[in-house]
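> Sequence and computational prediction follow.
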Amino acid sequence: MGRVTDLADFTALRAPEGQTLLAALRDYDPAQELAVASRLRREHPAELVSAALGQARLRQRAVAKFGAEDAYRMYFTPHGVEQSTRATVGTYRAERLRALGVRSVADLCGGIGGDALAFARAGISVLAVDRDPLTAEVARANAEALGLAGLIEVRCADVTEIDTSPYDAVFVDPARRGGRGRIFDPEAYSPPLSWAVEAARKAPRAALKIAPGIPHEAVPEEAEAEWISDGGDVKEAVLWFGTSPGARRATLLPAGASLTGRGLPDPAVRPLGRYLYEPDGAVIRAHLVAEVAEELSGGLIDETIAYVTADALAPTPFATAYEITDELPFNLKKLKALLREREVGTLTVKKRGSAVEPEEIRRRVKPKGPNAATVFLTRVAGAPTMLIGGPAKA
């Protein structure tokens, strides 16, 4: 079905008739879209119904990032939903800027305004810039819809032409998707990372949102690099300027636990202990597994694998602990027999350092029974190994 494609569509959606349609479509079932569209087109223009249905679908998708209360008041474009920052991450970043004394920020490449909304809610005044007229208008509408228009100025312009000197900080979120999907080369971002870094260097404070897969050697020396996960999923990396040059940090949301590197050497490999710890993805991306291993008095099971093993169970927000009951050489027949003997029907398969896919394991062993187990396909001291256990209980 259709979607908002130009300013005329969007203006129509914000008019009373469009608002009535959006309200009626809040809880509609996309599986019934053809029937719903046919019914609505008897009373409303087809173009408006098509635009409203498209917006309703985008709002439903956006709930995961913004929460229902905000998502059903906001407006979106397809790229805006895909590329916008999750609200929990945006709120964390805005609060960090506020704690640094930032009271105004130039939000370059502001998109539909997700970050600008977070900045404004932290009490920071925002200039939100985007070169696409429709996207800029959507951002302006979102500021109005959430009662934050007094703190957010939206400007449709090329970010390279913006004078950022009047602002306490600069935030840049370059576009990392193109016509063929995700862009991995930072210099192919729009604008390129090199331009964003130069813009950051001119400001008292700056934060650049980048892909979490950025190589550490690509991080400028004067920047602090922070990797952020939310609910266990790594969402982004941020380059901070004007904070702690050279620092490496992992931050885990929603708890807000933060780990900063201390320049430790790689942990030693040691024999498998009773417990296996799986570090959070942000910790791994930030190269801070050594800090976690030291905290746990543990070591690695293999020099190339980011699993930490220890003899004692210790609480840490930076890794998930599992109690290991069995260590077997990689052998699916033996695994199937063990799982059958223990009546395991709920099987979680994790892998690190193994080419075998979890779905293939589940298909081959055919788990059945009332019990649960976790199997790790990995390497121990260089040898393909299966570790069997379950979440550790304090």
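Okay, I see it. Remember, it's a predicted structure, so these values are computed and weren't measured experimentally.

> burial of the closest residue to residue 60 other than its chain neighbours, as a residue count?
The shortest distance from residue 60 to any non-neighbouring residue, by Cβ to Cβ, 6 or more residues apart in numbering, is to residue 30 (7.4 Å). C-beta coordinates here come from the backbone N, C-alpha and C atoms, glycine included. Using other Cβ atoms under 10 Å, residue 30 has 11 other residues around it.

> Kindly report the same for the one 4 residues further on.
Residues near residue 34, counting by other Cβ under 10 Å, number 9.

> what residues are up against residue 122?
Neighbour list for residue 122: 91, 94, 95, 97, 98 [criterion: Cβ atoms under 8 Å, 6 or more residues apart in numbering].

> top of those by neighbour count?
Comparing the contacts of residue 122 by number of neighbours (other Cβ under 10 Å), residue 94 comes first, having 26 neighbours.

> Can you check my assumption that it lies in a helix?
Yes. Membership of residue 94 in a helix is supported by DSSP: H, G, I helix; E, B strand; the rest coil.

> looking at it, it is touching residue 116, isn't it?
No. Residue 94 lies out of contact with residue 116 (Cβ atoms under 8 Å); the separation is 9.5 Å.

> so what's the backbone phi/psi at the spatially most central residue of the chain?
The residue lying closest to the centre of the chain (Cα atoms, centre = their mean) is residue 235, at 2.0 Å. Dihedral angles of residue 235 (phi, psi; degrees, to the nearest 10) stand at phi -100, psi -40.

> could the contacts of residue 122 be laid out in CSV, adding distance to residue 245 and pLDDT?
Below are the contacts of residue 122 laid out as CSV (distance: Cβ to Cβ, whole Å; pLDDT from 0 to 100):
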residue, distance to residue 245, pLDDT
91, 25, 97
94, 22, 98
95, 22, 97
97, 17, 98
98, 21, 98
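
> quick one: which of those residues is nearest to residue 161?
residue 97 (23.6 Å; Cβ to Cβ).

> element containing that closest one?
In this assignment (DSSP states H and E), residue 97 forms part of helix 87-99.

> Likewise for residue 134?
helix 133-145.

> what's the offset of that helix from the middle of its chain?
Distance of helix 133-145 from the chain centroid (Cα atoms, centre = their mean, to the nearest Å) equals 23 Å.

> Any buried residues in it, and which?
Of the residues in helix 133-145, 134, 135, 136, 137, 138, 139, 140, 141, 142, 143, 144, 145 count as buried by neighbour count, 16 or more other Cβ atoms under 10 Å.

> again, but for stretch 252-259
252, 253, 258, 259.

> Distance of the nearest residue to residue 101 once chain neighbours are set aside relative to residue 205?
Using Cβ to Cβ, 6+ apart and skipping the chain neighbours, the partner closest in space to residue 101 is residue 168 (7.2 Å). Distance of residue 168 to residue 205, given as Cβ to Cβ, to the nearest Å: 6 Å.

> and if you look at residue 21?
Residue 21 sits 43 Å away from residue 205, going by Cβ to Cβ.

> Same check on residue 237?
Distance of residue 237 to residue 205, given as Cβ to Cβ: 17 Å.

> go on, residue 336?
For residue 336, the distance to residue 205 equals 57 Å [Cβ to Cβ].

> Between the two, which has more neighbouring residues?
Using other Cβ under 10 Å as the criterion, residue 336 and residue 205 rank with residue 205 on top: 20 against 15.

> and the more buried one, bridged to which residues?
Note on residue 205: beta-bridge partners residue 169, judged by DSSP bridges.

> wait, isn't it in contact with residue 96?
No. Look at residue 205 against residue 96 with Cβ under 8 Å: they stay out of range, at 10.0 Å.

> show me the contacts for the closest residue to residue 110 other than its chain neighbours.
Excluding the flanking residues, the one nearest residue 110 by Cβ to Cβ, 6+ apart is residue 128, at 3.5 Å. Residues near residue 128 by Cβ under 8 Å, 6+ apart: 107, 110, 113, 116, 136, 139, 143, 152, 153, 154, 155.

> Just grab the bridge partners of the first one for me.
To tie it back to what came earlier, the one meant is residue 107. With DSSP bridges as the criterion, residue 107 is bridged to residue 128, residue 171.

> That one: neighbour count?
32.

> quick one: it from residue 236, how far?
Residue 107 is 15 Å from residue 236, by Cβ to Cβ.

> what do you get for the third one?
Separation of residue 113 from residue 236 (Cβ to Cβ): 17 Å.

> Which one's more surrounded, the two?
It is residue 113, of residue 113 and residue 236, that has more neighbours when counted by other Cβ under 10 Å, with 31 against 21.

> Could you find the closest non-adjacent residue to that one?
residue 139 (3.5 Å).
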